[in-house]
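> give me the fold of what follows.
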Amino acid sequence: MRIAVMGLGYVGAVSGACLAGMGHHVIGVDTSRAKVDMVNGGHPPVIENGLDEVFEEVVRGGRLAATDDANRAIGETELALVCVGTPSRSNGSIDLKYVKRVSEHIGDVLKRKADYFVVAIRSTVFPGTVEETVIPLLEEHSGKKAGKDFGVCMVPEFLREGSSVHDFYNPPKTVIGEFDKRSGEDLAGVFGGIGAPLIRTEIRIAEMVKYADNSFHALKVAFANEVGNICKKLDFDSHKVMDIFCLDTKLNLSPYYLKPGFAFGGSCLPKDLRALTYEARMHDIETPVLSSILESNRKQVLTVVKKLMEYKGRSLGFLGMSFKGGTDDLRESPLVEVIEAMIGKGFAVKIYDKYVSISRLVGANKEYIEKEIPHISSLLCGSARELVRGSDVVVVGNVGSDFREVLLSETTEGQVVIDLVRIFSDSDAIRGEYHGISW
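Next up, the predicted model:
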C-alpha cells in the first residue's frame, strides 16, 4: 500500500522504515525539517539497533521518503499511520494536542480526497480517545462520515527500545481495533504478513491493551525489585530466586490468575503476603507494591458489597461459599466476608455449596463452620435449584458443575444474577438482569 506515517519520532521512524522493508511505499511526515532531511539522506532520525541498515535499503530502493508537506503525503497515499507523541501533563493525563492537530489536518485533506482513506492511530491513547476525539474531528473537518467515506482503526505498537526492529517483525501479537470492517481488512493486509497472532477487535479494547501491557511490565519490574531487596537484606541471591520463579510457566508466567473477577482468599495467599511484608518491615524494607496487594483485594470485596446494597429488601442467594470451587476450604474466603457483611446489613441470605455441605458432616472444615460461622451454616440450601428458585438476587461465587444449567433453566425475568467468576460469556443467555464484576 501507499502509506503516510504522521510523525517521525521513535515509533514513526521504526514503523515507517519496517513497513517500507515489507514492500509498502511510505511517506514520512514531520514538522522538523532536520528529521525530513535525515530520512531522505538515508539516515534514521533515532538511534536504534539495526535501523541504519533498514533505512539505507528502503530509501535507496525508493520505498521510503519524507516531507513536511502533510497535504501532499495524505493526498498521495491510501492510509495514514498516526505516530505523533502523547506526552504527559503535570496531572498525569496525556496531552492530545498533537493527535488533535493531525486529526484536523487529515480531515481537511479528506474533504478534497475522493478515494476511500484509512486513518490508523498508532500513538498510545486512552480508551475512548479515537471514538470521542479523533473521529469527531475527522468528520468535522472533512464533512464526511467515518465507516462510510473513510475508515478508522487503532493499531497499538509493542516495540521495545533497543530491539524495536526485531520486535516490529516478531511481535507477540498484532492488534487491530476497527471502526468499520473495510478499514480493518486494509490494516490486516498491511500487518497480516507478520508472523504473529492477528486480533481484530473493538477500538477501545485495542486502546486499552497497550495500557494493560505497559502497566503489567512496570508491575513486574517493581515486584522483582521488592523481592530482590528482601533477598539482599537476608543475604542470598535474588537472581537465583527469580530464575526458579520464572521456570513456572503453569502459574507464574501464564494466563492463570489474570482474569478479572472476584478477590482471592484461602489458606496460602493472604497468609504468605502478610508474612512477607511483616518480615520486610522488620528489616526496614519498604515494599509498597507487595503491601498494597491485600488492600486492593479488600477493595474488591467492598465492590461486591456495594453492588449488592443496591438490592436492599431483596433476598440473596450465594452459589458457592468456599474461597475456590471444588474445595471445602473456608479459610479467609472472600465470599464468607461478603455473606457476613450482607447478613449484618439485614439481608435475607441463602447459600448453596456442594463441598461445604458435605464438610459439615465429614470434612476438615466442620469445626471451623460450627465454631466460627454457625449462623452461616444454618443458611445452607440442599441444591442449587432450590437456592435459585428462592432468591431474588443470585450471586455466582464459584464455578460449579451444574450452576450454569440451573441458572439457564430457573432464572426468571424479575431475578438478578451477579456473576463473580464469569460463568457466562454471553449475558443475553440469562433471562433476568445480569451483572459481572470487573467486566
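> all helices of the stretch 301-439 of the chain, in order?
334-344, 354-359, 366-372, 374-377, 384-389, 403-410 (DSSP state H, counting those that start in this stretch).
> count the neighbours of the residue lying closest to Lys148 once chain neighbours are set aside for me.
Nearest non-adjacent residue to Lys148, counting by CB to CB, 6 or more residues apart in numbering: Asp180, 7.9 Å away. Glycine gets a C-beta too; all of them are placed from N, C-alpha and C. Asp180 has 16 neighbouring residues, counting by other CB atoms under 10 Å.
> wait, which of the helices of the stretch 301-439 of the chain is closest to Met1?
Of all the helices of the stretch 301-439 of the chain, helix 403-410 sits nearest to Met1, with 45.7 Å by CB to CB.
> pretty sure Gly28 is touching Asp68, no?
No: using CB atoms under 8 Å, Gly28 is not in contact with Asp68, being 9.9 Å away.
> name the residues contacting each of the two.
Overlap of the contact sets of Gly28 and Asp68 (by CB atoms under 8 Å, 6 or more residues apart in numbering) consists of Val36.
> looking at those two, which one has more neighbours?
Ranked by neighbour count (other CB under 10 Å), Gly28 and Asp68 place Gly28 first, with 29 against 16.
> now do the helices in the stretch 101-250 of the chain.
129, 135-142, 164-169, 181-191, 203-233, 238-247.
> so where is this structure shaky, pLDDT-wise?
Residues of the chain meeting the criterion pLDDT under 70: 357-365, 427-428.
> can you tell me the element Ser296 falls in?
Taking DSSP states H and E as the criterion, Ser296 maps to helix 288-308.
> can I get that helix in CSV? Just the C-alpha atoms.
What follows is helix 288-308, C-alpha atoms only, in CSV (Å, rounded to 0.1, in the frame of the first residue of the first chain):
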residue,chain,number,x,y,z
PRO,A,288,4.8,-0.5,48.5
VAL,A,289,3.7,-2.9,45.7
LEU,A,290,3.6,-6.1,47.9
SER,A,291,2.0,-4.2,50.8
SER,A,292,-0.8,-2.8,48.6
ILE,A,293,-2.0,-6.2,47.3
LEU,A,294,-4.1,-7.1,50.3
GLU,A,295,-5.7,-3.7,50.4
SER,A,296,-6.5,-3.9,46.7
ASN,A,297,-8.1,-7.3,47.4
ARG,A,298,-10.2,-5.9,50.3
LYS,A,299,-11.4,-3.2,47.9
GLN,A,300,-12.7,-5.9,45.5
VAL,A,301,-14.7,-7.4,48.3
LEU,A,302,-16.2,-4.0,49.1
THR,A,303,-17.0,-3.5,45.4
VAL,A,304,-19.3,-6.6,45.6
VAL,A,305,-20.9,-5.4,48.9
LYS,A,306,-21.6,-2.0,47.4
LYS,A,307,-23.2,-3.6,44.3
LEU,A,308,-25.4,-5.9,46.5
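> report all helices and strands that it contacts.
helix 203-233, helix 269-282, helix 334-344, strand 393-396, strand 416-419 (3 or more CB pairs under 8 Å, 6 or more residues apart in numbering; DSSP states H and E).
> report the inter-axis angle for the second one versus helix 203-233.
Orientation check (axes from the mean of the first three to the mean of the last three CA atoms, to 10 degrees): helix 269-282 against helix 203-233 gives 50 degrees.
> tell me which residues of helix 269-282 are tucked away?
Neighbour-count burial for helix 269-282, counted by 16 or more other CB atoms under 10 Å, picks out Leu269, Pro270, Leu273, Leu276, Thr277, Ala280.
> can you tell me which of those comes closest to Asn297?
Pro270 (7.7 Å).
> among the helices of the stretch 101-250 of the chain, which is nearest Val304?
Comparing the helices of the stretch 101-250 of the chain under CB to CB, the one sitting nearest is helix 203-233, at 22.4 Å.
> can you spell out which helices and strands pack onto that closest one?
By 3+ CB pairs under 8 Å, 6+ apart, helix 203-233 packs against strand 150-154, strand 174-178, helix 238-247, helix 269-282, helix 288-308.
> and the angle for the first one with helix 135-142?
What separates the directions of strand 150-154 and helix 135-142 is an angle of 150 degrees, with the same axes, to 10 degrees.
> what's the helix or strand for Cys18?
helix 10-21.
> pull the CA atoms of that helix into PDB?
What follows is helix 10-21, C-alpha atoms only, in PDB (Å, rounded to 0.1, in the frame of the first residue of the first chain):
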ATOM      1  CA  TYR A  10      10.700   6.700  17.700                       C
ATOM      2  CA  VAL A  11       7.500   4.800  16.800                       C
ATOM      3  CA  GLY A  12       7.000   6.600  13.400                       C
ATOM      4  CA  ALA A  13      10.600   6.200  12.200                       C
ATOM      5  CA  VAL A  14      10.800   2.500  13.100                       C
ATOM      6  CA  SER A  15       7.200   1.700  11.800                       C
ATOM      7  CA  GLY A  16       7.700   3.600   8.600                       C
ATOM      8  CA  ALA A  17      11.100   2.000   7.800                       C
ATOM      9  CA  CYS A  18       9.900  -1.500   8.600                       C
ATOM     10  CA  LEU A  19       6.700  -1.100   6.600                       C
ATOM     11  CA  ALA A  20       8.800   0.000   3.600                       C
ATOM     12  CA  GLY A  21      11.000  -3.000   4.300                       C
END
